[in-house]
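K.L.:
with the sequence up front, the predicted model follows.
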Amino acid sequence: MFNFSGSFTFVSQDNFENYLKAFGISMIQRNLIASAKPRLLVEATDGGISMTHSTSLRTRKTNIPFDQEYTADPFDFGKVVTFVTTAQDDTLVTKAVTDPSSSMTMKFTPDGVVLTLVINDVVGTRTFKRD
């Protein structure tokens, strides 16, 4: 299995605020989330990964098992969703169980990771470089 572990620094985003809007996040919360430039720490665990997002305001850790349902509040604003994440080579694919139009793909490279977030027909990306 691919080694997803690493530390990553935020580089850029594209259409991320529109993705947050489609996800149902309020304007004030969207502005706060979209303006954050998080550091991302990914660690291998037994049967999954642990992801830690750190900003100057807060640190949030999420344990993600592979091939099992789990619940999470992806933006810490009270919108809990049940997900399933699968590992496919150098890519993690996360799908919302209750909303098939919602997904997140994390494509890892030697240089970093690109998060592609989809809900309905709205696609947003966030790019991180490997430290």
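P.N.:
The structure has been received and is ready for your questions.
K.L.:
so, low pLDDT: which residues of this protein?
P.N.:
Applying pLDDT under 70 to the chain picks out residues 1, 74-80.
K.L.:
going along the chain, name the strands of it.
P.N.:
Per DSSP state E, the chain carries strands over the ranges 6-14, 39-45, 48-54, 59-65, 69-72, 81-88, 91-96, 103-108, 112-119, 122-130.
K.L.:
you'd agree Thr59 is up against Leu40?
P.N.:
No - in this structure, Thr59 is not within contact of Leu40 by CB atoms under 8 Å, at 11.1 Å. From N, CA and C alone the C-beta is placed, and that goes for glycine too.
K.L.:
burial measure for Tyr117, as a count.
P.N.:
I think there's a mix-up here, since residue 117 is Leu and not Tyr. Residues near Leu117, counting by other CB atoms under 10 Å, number 23.
K.L.:
so it is in contact with Asn18, correct?
P.N.:
No - with contact defined as CB under 8 Å, Leu117 does not count as touching Asn18 (10.2 Å).
K.L.:
give me the common contacts of Thr59 and Leu40.
P.N.:
Here Thr59 and Leu40 have Thr52, His53 as joint contacts, going by CB atoms under 8 Å, 6 or more residues apart in numbering.
K.L.:
before we move on, back to that, identify the contacts common to Leu117 and Asn18.
P.N.:
The contact sets of Leu117 and Asn18 overlap at Gly124 (CB under 8 Å, 6+ apart).
K.L.:
flag every buried residue along stretch 36-52.
P.N.:
By neighbour count on 16 or more other CB atoms under 10 Å, the buried set for stretch 36-52 is Ala36, Pro38, Leu40, Leu41, Val42, Gly48, Ile49, Met51.
K.L.:
re the thing from before, I'd like the strands of the chain laid out as a markdown table, including distance to Gln29.
P.N.:
Formatted as a markdown table, the strands of the chain follow (distance: least, CB to CB, whole Å):
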| stretch | distance to Gln29 |
| --- | --- |
| strand 6-14 | 16 |
| strand 39-45 | 20 |
| strand 48-54 | 15 |
| strand 59-65 | 14 |
| strand 69-72 | 16 |
| strand 81-88 | 16 |
| strand 91-96 | 19 |
| strand 103-108 | 18 |
| strand 112-119 | 15 |
| strand 122-130 | 15 |
